[in-house]
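Novice: Quick one: sequence plus predicted model below, questions after.
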Amino acid sequence: MEGPQGQVGAAVRAHRTAKGWSMRELARRAGVSQPFITKLERGDQLPSIPTLYDLAAAFEIPPSALLPTIPDTAPSGGLEMPGDPGATTIRLLAGGPGRSLHVYELRVPPGGGDEEFFTHPGEEVAVVLEGAVQCLRRGRRAVRVPVGDSLTIDPSRAHRWRNEDSTPARVLLVCDDHTSHGAGGSSSES
């Protein structure tokens, strides 16, 4: 299988078979359907970011281990991750398996953002390029980050990003999932 979808599918299949799990077992552990796993492993579909986190949590690996490597030898438009229509769009601009640094571009419409709280190992820095976003962290006050500002968070604490303003926001999200904050698992929390 070629291309980003094929690379993600091959990574999922490799981790699943290394665990000795059936597609049904992986689907149960990740909270998705078995037909979805079939499409994913065939390279017919990419996971959304929440599903990527759920798959990585099931395997007890960092999410980056399931992503394709974005080449660093030529300019790239990155890899757009699927999402709901009218929701946040996410592009992986740099990173992949074996890379500690991952760069994402988030385009968050007014009133949009993550529906679920997430945790993952490493460090996370958000730089707001347009508009403003809020970082909501479970058990803590929300922090508004306006255009031109940045925020560093500990992503091992449940968090999510939202745009409560009336204009679209664009955020550069830089993550390093190979630090001492976690041993390699990730999870999404409601």
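Specialist: In hand now; what should we look at? Numbers count the residues shown, from 1 in each chain.

Novice: For the rest of this, base every contact and every neighbour count on C-alpha atoms.
Specialist: Will do.

Novice: what residues go with each domain of the chain?
Specialist: Following automatic domain parsing, one gets these domains for the chain: 3-66, 79-189.

Novice: Could you dump the ones you listed into a markdown table with mean neighbour count and mean pLDDT added?
Specialist: Listed next are those as a markdown table, based on neighbours: other C-alpha atoms under 10 Å; pLDDT from 0 to 100:
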| stretch | mean neighbour count | mean pLDDT |
| --- | --- | --- |
| domain 3-66 | 19 | 91 |
| domain 79-189 | 19 | 83 |
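
Novice: Strands along the protein, start to end?
Specialist: Remark: strands assigned in the chain by DSSP state E are 79-81, 89-94, 101-108, 117-119, 123-130, 132-137, 143-146, 150-153, 159-162, 169-176, 187-189.

Novice: quick one: strands adjacent to the fifth one?
Specialist: Counting by DSSP bridges, the strands paired with strand 123-130 are strand 150-153 (antiparallel), strand 169-176 (antiparallel).

Novice: With the second one instead?
Specialist: Paired neighbours of strand 89-94 in the sheet (DSSP bridges): strand 79-81 (antiparallel), strand 101-108 (antiparallel).

Novice: how near is the nearest residue to residue 159 once chain neighbours are set aside to residue 62?
Specialist: Closest residue to residue 159 apart from its sequence neighbours, by C-alpha to C-alpha, 6 or more residues apart in numbering: residue 137 at 4.3 Å. Distance, residue 137 to residue 62, using C-alpha to C-alpha, to the nearest Å: 20 Å.

Novice: One more: residue 94?
Specialist: In terms of C-alpha to C-alpha, residue 94 sits 15 Å off from residue 62.

Novice: Identify the nearest residue to residue 144 in space, disregarding sequence-adjacent positions?
Specialist: residue 134 (4.3 Å).

Novice: Give the full set of residues in contact with the one you found.
Specialist: 142, 143, 144, 145, 161, 162, 163, 164 (C-alpha atoms under 8 Å, 6 or more residues apart in numbering).

Novice: try 6 Å
Specialist: Shown in contact with residue 134 (C-alpha atoms under 6 Å, 6 or more residues apart in numbering): 143, 144, 145, 161, 162.
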